[in-house]
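*Asks:* Fold the following for me, if possible:
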Amino acid sequence: MSFLASVRARAAARRRRIVFPESADARTLAAASVLAAERIVEPLLVVAPGDAAARRAADDIGVAWIDPSGDPRRERVAANLLARRREKGLTAEGADVLSREPLHFADGLVALGEADGCVAGAATTTADVLRAAIWAIGAAPGVETISSAFYMAVPPFRGDEGEVLTFADCAVVREPDSAQLADIAMAAARDRRRIVGDEPRVALLSYGTLGSGAGPAVDKVRAAVGILRARRPDFAVDGELQGDAALIRAVAERKAPGSDVAGRANVLIFPSLDAGNIAYKLVERIGKAHAVGPIIQGLARPCSDLSRGASADDIINVAAITALQAGGVEDAGVGGSRRERDQ
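*Replies:* Have a look, this model is predicted:
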(Lines give C-alpha, C1' and ligand atoms only; values in the text may rest on other atoms or scores of the structure.)
Protein backbone atom coordinates (compact mmCIF):
# COMPACT_ATOMS: atom_id res chain seq x y z
CA MET A 1 0.00 0.00 0.00
CA SER A 2 1.35 3.45 -0.90
CA PHE A 3 1.95 6.13 1.71
CA LEU A 4 -1.08 8.17 0.65
CA ALA A 5 -3.33 5.12 0.42
CA SER A 6 -2.23 4.21 3.93
CA VAL A 7 -2.93 7.74 5.18
CA ARG A 8 -6.46 7.65 3.76
CA ALA A 9 -7.16 4.18 5.14
CA ARG A 10 -5.95 5.07 8.64
CA ALA A 11 -7.90 8.32 8.57
CA ALA A 12 -11.06 6.42 7.60
CA ALA A 13 -10.58 4.17 10.61
CA ARG A 14 -10.67 7.25 12.86
CA ARG A 15 -13.54 9.07 11.13
CA ARG A 16 -12.64 12.55 12.37
CA ARG A 17 -14.76 15.64 11.79
CA ILE A 18 -12.86 18.10 9.57
CA VAL A 19 -14.26 21.55 8.86
CA PHE A 20 -13.81 23.41 5.57
CA PRO A 21 -14.41 27.19 5.57
CA GLU A 22 -13.92 27.67 1.80
CA SER A 23 -17.30 26.27 0.78
CA ALA A 24 -17.54 28.44 -2.34
CA ASP A 25 -14.40 26.87 -3.85
CA ALA A 26 -15.15 24.17 -6.44
CA ARG A 27 -12.08 22.10 -5.50
CA THR A 28 -13.09 22.10 -1.86
CA LEU A 29 -16.60 20.96 -2.77
CA ALA A 30 -15.24 18.17 -4.96
CA ALA A 31 -12.89 17.03 -2.18
CA ALA A 32 -15.63 17.15 0.44
CA SER A 33 -17.85 15.01 -1.76
CA VAL A 34 -15.18 12.29 -2.05
CA LEU A 35 -14.27 12.50 1.64
CA ALA A 36 -17.89 11.95 2.59
CA ALA A 37 -18.59 9.24 0.01
CA GLU A 38 -15.47 7.24 0.90
CA ARG A 39 -15.89 7.97 4.64
CA ILE A 40 -12.29 9.15 4.96
CA VAL A 41 -13.36 11.96 7.29
CA GLU A 42 -16.65 13.56 8.23
CA PRO A 43 -16.53 16.84 6.29
CA LEU A 44 -18.38 19.93 7.47
CA LEU A 45 -18.64 22.98 5.21
CA VAL A 46 -18.86 26.47 6.72
CA VAL A 47 -20.81 28.81 4.44
CA ALA A 48 -20.62 32.58 4.54
CA PRO A 49 -23.66 34.14 6.18
CA GLY A 50 -26.47 34.37 3.65
CA ASP A 51 -24.61 32.52 0.87
CA ALA A 52 -27.53 30.61 -0.62
CA ALA A 53 -25.45 29.32 -3.55
CA ALA A 54 -22.94 27.65 -1.21
CA ARG A 55 -25.78 26.05 0.73
CA ARG A 56 -27.29 24.63 -2.46
CA ALA A 57 -23.91 23.36 -3.62
CA ALA A 58 -23.37 21.56 -0.30
CA ASP A 59 -26.85 20.06 -0.49
CA ASP A 60 -26.18 18.89 -4.04
CA ILE A 61 -23.16 16.83 -2.93
CA GLY A 62 -24.79 15.64 0.28
CA VAL A 63 -22.31 17.25 2.68
CA ALA A 64 -23.35 18.95 5.92
CA TRP A 65 -23.04 22.72 6.08
CA ILE A 66 -23.29 25.35 8.76
CA ASP A 67 -23.85 29.13 8.74
CA PRO A 68 -22.02 30.87 11.60
CA SER A 69 -24.61 33.62 11.90
CA GLY A 70 -27.32 31.18 13.00
CA ASP A 71 -25.23 28.78 15.05
CA PRO A 72 -25.48 28.87 18.86
CA ARG A 73 -21.77 28.15 19.22
CA ARG A 74 -20.81 31.44 17.57
CA GLU A 75 -20.96 33.28 20.88
CA ARG A 76 -18.53 30.76 22.38
CA VAL A 77 -16.24 31.20 19.36
CA ALA A 78 -16.31 34.98 19.90
CA ALA A 79 -15.67 34.59 23.63
CA ASN A 80 -12.66 32.37 22.96
CA LEU A 81 -11.21 34.89 20.51
CA LEU A 82 -11.76 37.76 22.94
CA ALA A 83 -10.15 35.88 25.82
CA ARG A 84 -7.09 35.03 23.72
CA ARG A 85 -6.67 38.37 21.95
CA ARG A 86 -8.00 41.04 24.35
CA GLU A 87 -4.49 41.95 25.47
CA LYS A 88 -3.52 42.37 21.80
CA GLY A 89 -6.28 44.95 21.32
CA LEU A 90 -9.22 42.85 20.15
CA THR A 91 -12.56 44.27 21.32
CA ALA A 92 -15.83 42.47 21.96
CA GLU A 93 -17.21 44.02 18.78
CA GLY A 94 -14.19 42.86 16.81
CA ALA A 95 -14.47 39.32 18.17
CA ASP A 96 -18.14 39.28 17.21
CA VAL A 97 -17.30 40.28 13.64
CA LEU A 98 -14.53 37.68 13.34
CA SER A 99 -16.75 34.91 14.71
CA ARG A 100 -19.13 35.40 11.76
CA GLU A 101 -16.33 34.86 9.21
CA PRO A 102 -16.07 31.25 7.96
CA LEU A 103 -12.31 30.84 8.60
CA HIS A 104 -12.35 32.22 12.15
CA PHE A 105 -15.56 30.37 12.97
CA ALA A 106 -14.13 27.09 11.62
CA ASP A 107 -10.97 27.43 13.70
CA GLY A 108 -13.15 28.37 16.66
CA LEU A 109 -15.00 25.07 16.35
CA VAL A 110 -11.66 23.26 16.43
CA ALA A 111 -10.59 25.27 19.48
CA LEU A 112 -13.81 24.35 21.28
CA GLY A 113 -13.46 20.65 20.46
CA GLU A 114 -16.52 20.73 18.21
CA ALA A 115 -14.38 19.66 15.25
CA ASP A 116 -11.13 17.73 15.07
CA GLY A 117 -9.35 19.89 12.49
CA CYS A 118 -9.67 22.57 9.84
CA VAL A 119 -8.44 22.63 6.24
CA ALA A 120 -8.19 25.94 4.36
CA GLY A 121 -5.91 27.81 1.98
CA ALA A 122 -7.25 26.94 -1.46
CA ALA A 123 -8.65 30.48 -1.66
CA THR A 124 -6.92 32.07 1.35
CA THR A 125 -3.33 33.18 1.90
CA THR A 126 -1.05 31.20 4.19
CA ALA A 127 -0.65 34.27 6.38
CA ASP A 128 -4.40 34.50 6.95
CA VAL A 129 -4.75 30.74 7.57
CA LEU A 130 -1.95 30.76 10.14
CA ARG A 131 -3.15 33.96 11.81
CA ALA A 132 -6.66 32.59 12.32
CA ALA A 133 -5.31 29.32 13.75
CA ILE A 134 -2.92 31.08 16.12
CA TRP A 135 -5.61 33.47 17.31
CA ALA A 136 -8.18 30.75 17.98
CA ILE A 137 -5.99 27.82 19.03
CA GLY A 138 -2.33 28.66 19.54
CA ALA A 139 0.68 26.42 20.02
CA ALA A 140 0.74 23.02 21.68
CA PRO A 141 2.01 22.85 25.28
CA GLY A 142 5.77 23.28 25.41
CA VAL A 143 5.93 24.61 21.84
CA GLU A 144 6.36 28.28 20.97
CA THR A 145 7.00 27.98 17.23
CA ILE A 146 4.39 27.15 14.62
CA SER A 147 6.10 25.59 11.61
CA SER A 148 5.47 23.25 8.71
CA ALA A 149 6.65 20.01 7.17
CA PHE A 150 6.53 18.27 3.82
CA TYR A 151 6.14 14.51 3.66
CA MET A 152 8.30 13.34 0.78
CA ALA A 153 7.43 9.96 -0.71
CA VAL A 154 10.76 9.17 -2.38
CA PRO A 155 11.83 6.32 -4.68
CA PRO A 156 14.18 3.65 -3.27
CA PHE A 157 17.62 5.11 -2.49
CA ARG A 158 18.98 3.08 0.43
CA GLY A 159 17.15 -0.21 -0.06
CA ASP A 160 14.66 -1.94 -2.31
CA GLU A 161 11.60 0.04 -1.25
CA GLY A 162 10.53 3.66 -1.40
CA GLU A 163 10.42 5.69 1.80
CA VAL A 164 8.74 8.69 3.33
CA LEU A 165 11.00 11.47 4.60
CA THR A 166 9.89 14.45 6.68
CA PHE A 167 11.38 17.80 5.60
CA ALA A 168 10.99 20.79 7.96
CA ASP A 169 10.65 23.73 7.93
CA CYS A 170 10.06 24.47 4.26
CA ALA A 171 7.27 27.06 4.32
CA VAL A 172 6.87 29.13 7.51
CA VAL A 173 9.89 30.09 9.68
CA ARG A 174 12.44 32.02 7.64
CA GLU A 175 15.49 32.12 9.90
CA PRO A 176 14.87 29.91 12.93
CA ASP A 177 17.10 30.35 15.94
CA SER A 178 18.26 27.41 18.04
CA ALA A 179 15.14 27.28 20.22
CA GLN A 180 12.93 27.45 17.15
CA LEU A 181 14.87 24.66 15.43
CA ALA A 182 14.31 22.53 18.53
CA ASP A 183 10.57 23.30 18.42
CA ILE A 184 10.42 22.43 14.72
CA ALA A 185 12.17 19.12 15.36
CA MET A 186 9.91 18.19 18.28
CA ALA A 187 6.75 18.98 16.31
CA ALA A 188 7.99 17.10 13.26
CA ALA A 189 8.76 14.02 15.34
CA ARG A 190 5.40 14.11 17.08
CA ASP A 191 3.46 14.41 13.85
CA ARG A 192 5.53 11.79 12.05
CA ARG A 193 4.49 9.20 14.61
CA ARG A 194 0.85 10.02 13.88
CA ILE A 195 1.05 10.50 10.11
CA VAL A 196 3.63 7.94 8.97
CA GLY A 197 3.36 5.65 11.96
CA ASP A 198 7.04 4.83 12.49
CA GLU A 199 9.69 5.99 14.94
CA PRO A 200 11.29 9.33 14.01
CA ARG A 201 15.06 9.58 13.68
CA VAL A 202 15.84 13.27 13.50
CA ALA A 203 18.85 14.84 11.80
CA LEU A 204 19.57 18.55 12.16
CA LEU A 205 21.34 19.48 8.96
CA SER A 206 24.24 21.81 8.27
CA TYR A 207 27.24 22.14 5.96
CA GLY A 208 29.44 20.21 8.39
CA THR A 209 29.23 16.93 10.27
CA LEU A 210 29.96 16.74 13.99
CA GLY A 211 32.71 19.31 14.09
CA SER A 212 33.96 19.33 10.50
CA GLY A 213 32.53 22.80 9.94
CA ALA A 214 32.61 26.02 11.95
CA GLY A 215 30.72 29.29 12.09
CA PRO A 216 27.55 30.86 13.50
CA ALA A 217 25.23 28.68 11.39
CA VAL A 218 26.87 25.50 12.71
CA ASP A 219 26.81 26.83 16.27
CA LYS A 220 23.05 27.43 15.92
CA VAL A 221 22.42 23.83 14.93
CA ARG A 222 24.64 22.44 17.70
CA ALA A 223 22.79 24.53 20.26
CA ALA A 224 19.46 23.22 18.97
CA VAL A 225 20.65 19.63 19.39
CA GLY A 226 21.67 20.47 22.96
CA ILE A 227 18.21 21.87 23.69
CA LEU A 228 16.55 18.76 22.29
CA ARG A 229 18.72 16.39 24.29
CA ALA A 230 18.06 18.35 27.48
CA ARG A 231 14.31 18.30 26.88
CA ARG A 232 14.07 14.70 25.75
CA PRO A 233 17.06 12.49 26.49
CA ASP A 234 15.20 9.60 24.85
CA PHE A 235 14.86 11.54 21.59
CA ALA A 236 16.61 9.97 18.58
CA VAL A 237 18.37 13.09 17.31
CA ASP A 238 21.83 14.01 16.07
CA GLY A 239 23.56 16.94 14.46
CA GLU A 240 25.09 18.81 12.99
CA LEU A 241 24.99 16.44 10.02
CA GLN A 242 25.48 16.94 6.31
CA GLY A 243 22.75 15.56 4.11
CA ASP A 244 24.72 12.55 2.90
CA ALA A 245 25.83 11.67 6.41
CA ALA A 246 22.23 11.86 7.61
CA LEU A 247 20.88 9.58 4.88
CA ILE A 248 23.55 7.17 3.65
CA ARG A 249 24.97 4.49 5.97
CA ALA A 250 28.34 4.19 4.19
CA VAL A 251 28.93 7.93 4.46
CA ALA A 252 27.76 7.98 8.07
CA GLU A 253 30.25 5.28 9.02
CA ARG A 254 33.08 7.55 7.86
CA LYS A 255 31.76 10.92 9.02
CA ALA A 256 29.71 10.05 12.11
CA PRO A 257 30.71 6.61 13.43
CA GLY A 258 28.65 5.53 16.39
CA SER A 259 25.69 7.80 15.64
CA ASP A 260 22.27 6.17 16.04
CA VAL A 261 20.75 8.62 13.58
CA ALA A 262 23.38 9.19 10.89
CA GLY A 263 22.70 7.09 7.81
CA ARG A 264 19.20 6.24 9.07
CA ALA A 265 17.48 9.62 9.42
CA ASN A 266 13.87 9.94 8.31
CA VAL A 267 13.24 13.48 9.62
CA LEU A 268 15.44 16.22 8.18
CA ILE A 269 15.46 19.60 9.93
CA PHE A 270 16.87 22.38 7.75
CA PRO A 271 18.72 25.37 9.21
CA SER A 272 16.69 27.94 7.25
CA LEU A 273 13.61 28.31 5.11
CA ASP A 274 15.85 28.87 2.09
CA ALA A 275 17.54 25.51 2.58
CA GLY A 276 14.35 23.57 3.27
CA ASN A 277 12.31 25.04 0.44
CA ILE A 278 15.07 24.59 -2.12
CA ALA A 279 15.72 21.02 -0.97
CA TYR A 280 12.13 19.81 -1.15
CA LYS A 281 11.62 21.28 -4.62
CA LEU A 282 14.84 19.73 -5.92
CA VAL A 283 13.96 16.33 -4.47
CA GLU A 284 10.44 16.61 -5.89
CA ARG A 285 11.51 17.62 -9.40
CA ILE A 286 14.83 15.84 -9.88
CA GLY A 287 14.38 12.95 -7.48
CA LYS A 288 10.80 12.29 -8.63
CA ALA A 289 9.45 12.42 -5.08
CA HIS A 290 5.79 13.04 -4.27
CA ALA A 291 5.67 16.06 -1.94
CA VAL A 292 2.67 16.30 0.39
CA GLY A 293 2.28 19.58 2.25
CA PRO A 294 3.00 21.98 3.67
CA ILE A 295 1.49 20.43 6.78
CA ILE A 296 1.26 22.91 9.65
CA GLN A 297 2.74 21.57 12.88
CA GLY A 298 3.05 22.77 16.44
CA LEU A 299 -0.57 23.84 16.98
CA ALA A 300 -2.49 22.58 19.98
CA ARG A 301 -5.16 21.30 17.55
CA PRO A 302 -4.62 20.75 13.83
CA CYS A 303 -5.44 23.40 11.24
CA SER A 304 -3.92 22.77 7.82
CA ASP A 305 -2.90 25.14 5.07
CA LEU A 306 -3.29 24.42 1.35
CA SER A 307 -1.47 25.75 -1.65
CA ARG A 308 -3.76 28.02 -3.64
CA GLY A 309 -2.88 25.78 -6.58
CA ALA A 310 -4.12 22.69 -4.74
CA SER A 311 -6.20 20.12 -6.60
CA ALA A 312 -9.20 18.35 -5.13
CA ASP A 313 -6.99 15.31 -4.64
CA ASP A 314 -4.46 17.41 -2.72
CA ILE A 315 -7.25 18.62 -0.44
CA ILE A 316 -8.37 15.04 0.21
CA ASN A 317 -4.83 14.04 1.20
CA VAL A 318 -4.34 17.04 3.49
CA ALA A 319 -7.71 16.38 5.14
CA ALA A 320 -6.69 12.78 5.80
CA ILE A 321 -3.36 13.91 7.28
CA THR A 322 -5.17 16.48 9.42
CA ALA A 323 -7.34 13.68 10.77
CA LEU A 324 -4.22 11.73 11.74
CA GLN A 325 -2.69 14.82 13.37
CA ALA A 326 -5.76 14.88 15.61
CA GLY A 327 -4.70 11.59 17.14
CA GLY A 328 -4.63 13.03 20.65
CA VAL A 329 -7.75 15.14 20.27
CA GLU A 330 -11.06 13.90 21.57
CA ASP A 331 -13.83 13.24 19.07
CA ALA A 332 -15.95 16.25 18.27
CA GLY A 333 -19.22 16.59 20.12
CA VAL A 334 -22.53 15.45 18.71
CA GLY A 335 -24.13 18.85 18.96
CA GLY A 336 -24.43 21.43 16.25
CA SER A 337 -26.93 23.42 14.28
CA ARG A 338 -30.18 21.89 13.17
CA ARG A 339 -28.97 21.81 9.56
CA GLU A 340 -25.77 20.02 10.59
CA ARG A 341 -27.66 17.40 12.63
CA ASP A 342 -30.17 16.77 9.86
CA GLN A 343 -27.48 15.52 7.47
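
*Asks:* What segments of the stretch 51-200 of the chain are helices?
*Replies:* Ranges of helices within the stretch 51-200 of the chain are 52-61, 74-85, 92-99, 102-111, 126-136, 178-195, based on DSSP state H, counting those that start in this stretch.

*Asks:* So for stretch 241-255, what gets flagged as buried?
*Replies:* Neighbour-count burial for stretch 241-255 flags 241, 242, 243, 245, 246, 247, 248, 251, 252, 255 (criterion: 16 or more other C-beta atoms under 10 Å). Just so you know, the C-beta spots here come from the backbone N, C-alpha and C atoms, and that holds for glycine as well.

*Asks:* Could I get the helices of the stretch 51-200 of the chain in TSV, plus columns for distance to residue 259, mean neighbour count and mean pLDDT?
*Replies:* Listed next are the helices of the stretch 51-200 of the chain as TSV, based on distance: least, C-beta to C-beta, whole Å; neighbours: other C-beta atoms under 10 Å; pLDDT from 0 to 100:
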stretch	distance to residue 259	mean neighbour count	mean pLDDT
helix 52-61	51	16	93
helix 74-85	42	19	97
helix 92-99	48	17	96
helix 102-111	39	28	97
helix 126-136	35	20	94
helix 178-195	16	23	94
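
*Asks:* Could you say which one of those helices comes nearest to residue 157?
*Replies:* Distance to residue 157, taken as C-beta to C-beta, is lowest for helix 178-195 among those, at 18.4 Å.

*Asks:* Please identify the helix or strand for the residue lying farthest from the centre of the chain.
*Replies:* Within the chain, residue 254 marks the point farthest from the mean C-alpha position, 35.3 Å out by C-alpha atoms, centre = their mean. Per DSSP states H and E: residue 254 is located in helix 249-255.

*Asks:* any idea where the strands of this structure begin and end?
*Replies:* Applying DSSP state E to the chain gives strands spanning 17-20, 42-46, 64-66, 117-120, 147-154, 163-168, 202-205, 237-241, 267-269, 290-297, 303-305.

*Asks:* Need the winner for burial among these.
*Replies:* strand 117-120 (a mean of 30; mean count of other C-beta atoms under 10 Å).

*Asks:* ok, residues contacting stretch 249-258?
*Replies:* For stretch 249-258, contacts defined as C-beta atoms under 8 Å, 6 or more residues apart in numbering pick out 158, 209-210, 212, 238, 241-242, 244-246, 259, 262-264.

*Asks:* what does stretch 26-40 give?
*Replies:* Here stretch 26-40 makes contact (C-beta under 8 Å, 6+ apart) with 8, 11-12, 15, 18, 20, 22-23, 41-43, 45, 57-58, 61-63, 122-123, 310-313, 315-316, 319-320, 323.

*Asks:* can we see that at 6 Å?
*Replies:* 8, 11-12, 20, 22, 41, 43, 57, 61, 63, 122, 312, 315-316, 319-320 (C-beta atoms under 6 Å, 6 or more residues apart in numbering).

*Asks:* ok so, going back, pipe the buried residues of stretch 241-255 into a markdown table and attach pLDDT and distance to residue 287 per row.
*Replies:* What follows is the buried residues of stretch 241-255, written out as a markdown table (pLDDT from 0 to 100; distance: C-beta to C-beta, whole Å):
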| residue | pLDDT | distance to residue 287 |
| --- | --- | --- |
| 241 | 96 | 19 |
| 242 | 96 | 17 |
| 243 | 96 | 12 |
| 245 | 96 | 18 |
| 246 | 97 | 15 |
| 247 | 97 | 12 |
| 248 | 96 | 14 |
| 251 | 96 | 17 |
| 252 | 96 | 20 |
| 255 | 95 | 22 |
